[in-house]
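Enquirer: coordinates only, no sequence provided:
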């Protein structure tokens with residue numbers, strides 16, 4: 001299968017692209033030139049690297065079977081509203097236009113739980129009400145709508161993701177906890193006794209995407225994903241500190257923000273097979 005993977009310079013897109021290529025698929029990876037390593041020709045010799053942004057669809061292959069859209073601007077210092085609009089909305093629109101012209105039959109969109117905004121329920125699922133999302137969440141929601149509006153051209157799945165963890169993962173709570181533990185820094189947490197399954201291991205996500213690409217289903221679907229079960233937040237942090245052989249202290253603070261769990265049921269129907277939260281933490285903390 002010919003698969004275009006965007007965001008190959010990022011953590012998720014890079015691992016997903018390499019995973020699909022190792023399975024035997026023909027992967028075309030869109031990457032920013034500034035993010036390419038010096039020896040990328042040798043490092044990615046079996047992957048077709050496309051140095052371009054999402055507007056440069058004339059540089060993409062003329063035909064493609066599927067698109068995995070992992071590229072996005074995420075919340076980070078210096079990221080402005082314009083960046084979200086240019087990448088997460090306009091960039092997605094360019095990519096959807098390309099997928100239609102190139103004859104793609106499947107479009108996988110990596111979305112975010114941030115689209116929900118203020119969450120007041122104990123469990124989040126694809127039908128949970130959206131309330132006051134921030135700029136990033138709203139931009140991902142608009143991306144979902146752009147993809148779904150093309151249901152007559154290709155089937156699609158929008159995967160609403162929590163923090164993605166694994167080797168060299170970035171910008172999520174679990175990854176931050178791991179780095180603080182490795183540096184013997186204090187770890188602050190809230191709602192210590194609340195149950196937590198708000199993470200997905202990158203290998204589970206890559207395997208899920210593969211199943212979506214090769215299995216039979218139709219329409220424009222939306223799924224939420226997390227760990228297969230839940231453990232208390234305090235157990236998560238203690239496991240990270242113990243697994244890192246750290247001397248970090250735990251600081252517990254109060255908050256009015258409500259904790260919630262993630263429902264996997266619909267994703268499991270489409271082939272998602274997540275690991276347990278405890279195994280995920282134990283694996284993740286040992287990752288290099």
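Expert: Yep, that arrived. The shown structure was predicted, so the numbers you read here are calculated from the model rather than taken from an experiment.
Enquirer: can you give me the distance of residue 48 to residue 4?
Expert: 9 Å (CB to CB, to the nearest Å). Any C-beta I mention is one placed from the backbone N, CA and C, and that applies to glycine too.
Enquirer: again with residue 91
Expert: 13 Å.
Enquirer: those two - which one has more neighbours?
Expert: In terms of neighbours (other CB atoms under 10 Å), residue 4 is the more surrounded of residue 91 and residue 4; the figures are 28 against 23.
Enquirer: tell me what the particular helix or strand that has the more buried one in it is packed against?
Expert: Assessed by DSSP states H and E, residue 4 sits inside strand 2-6. Contacts defined by 3 or more CB pairs under 8 Å, 6 or more residues apart in numbering; DSSP states H and E place strand 2-6 against helix 11-23, strand 26-31, strand 66-69, helix 92-102.
Enquirer: so what sits against both of residue 48 and residue 4?
Expert: Contact criterion CB atoms under 8 Å, 6 or more residues apart in numbering; residues shared by residue 48 and residue 4: 28, 61.
Enquirer: hey, which of the helices and strands packed on strand 2-6 is tucked in deepest?
Expert: Comparing those by mean neighbour count (mean count of other CB atoms under 10 Å), strand 66-69 ranks first with a mean of 26.
Enquirer: give me the sheet partners of that one and which way each runs.
Expert: Partners of strand 66-69 in the sheet, by DSSP bridges, are strand 2-6 (parallel), strand 106-112 (parallel).
Enquirer: got the angle between the first one and strand 26-31?
Expert: Strand 2-6 runs at 20 degrees relative to strand 26-31, counting by axes from the mean of the first three to the mean of the last three CA atoms, to 10 degrees.
Enquirer: and for the longest one?
Expert: With the same axes, to 10 degrees as the basis, strand 106-112 and strand 26-31 are set at 40 degrees to each other.
Enquirer: got a list of contacts for the helix or strand following strand 106-112?
Expert: Toward the C-terminus, strand 106-112 is succeeded by strand 123-124 as the next helix or strand (DSSP H and E). For strand 123-124, the surrounding residues in contact (CB under 8 Å, 6+ apart) are 113, 116, 224, 260-263.
Enquirer: by neighbours, which of the residues you listed wins?
Expert: residue 224 (26 neighbours).
Enquirer: I'd like to know the beta-bridge partner residues of it.
Expert: Applying DSSP bridges to residue 224, the residues it is bridged with are residue 160.
Enquirer: by mean pLDDT, point me to the weakest helix or strand of this structure.
Expert: helix 40-43 (a mean of 64; mean pLDDT, DSSP states H and E).
Enquirer: quick one, phi psi at residue 255?
Expert: Residue 255 adopts backbone torsions of phi -150, psi 150, taken as degrees, to the nearest 10.
Enquirer: what's the local residue count around it?
Expert: Neighbour tally, residue 255, other CB under 10 Å: 9.
Enquirer: please apply the same query to residue 253.
Expert: Using other CB under 10 Å: residue 253 sits among 9 other residues.
Enquirer: give me the pLDDT for it.
Expert: With respect to pLDDT, residue 253 has a value of 87.
Enquirer: tell me the bridge partners for it.
Expert: Counting by DSSP bridges, residue 253 is bridged to residue 190.
Enquirer: doesn't residue 191 make contact with it?
Expert: No: using CB atoms under 8 Å, residue 253 is not in contact with residue 191, being 9.6 Å away.
Enquirer: now do stretch 109-118: everything it contacts.
Expert: Taking CB under 8 Å, 6+ apart as the rule, stretch 109-118 contacts 7, 12, 68-70, 72, 92, 124, 128-134, 136-138, 140-141, 143-144, 147, 156-162, 198, 222, 224, 262.
Enquirer: the helix or strand hosting residue 278 - contacts with which helices or strands?
Expert: For residue 278, the host element (DSSP H and E) is helix 277-284. In terms of contacts (3+ CB pairs under 8 Å, 6+ apart), helix 277-284 is packed against helix 173-182, strand 199-201, helix 233-243.
Enquirer: closest to residue 16 out of those?
Expert: strand 199-201 (12.0 Å; CB to CB).
Enquirer: next SSE after the closest one?
Expert: helix 202-214.
Enquirer: quick one, that following helix and strand 2-6 angle?
Expert: Using the same axes, to 10 degrees: helix 202-214 against strand 2-6 is 140 degrees.
Enquirer: tell me the mean pLDDT for helix 202-214?
Expert: Mean predicted confidence for helix 202-214 is 98.
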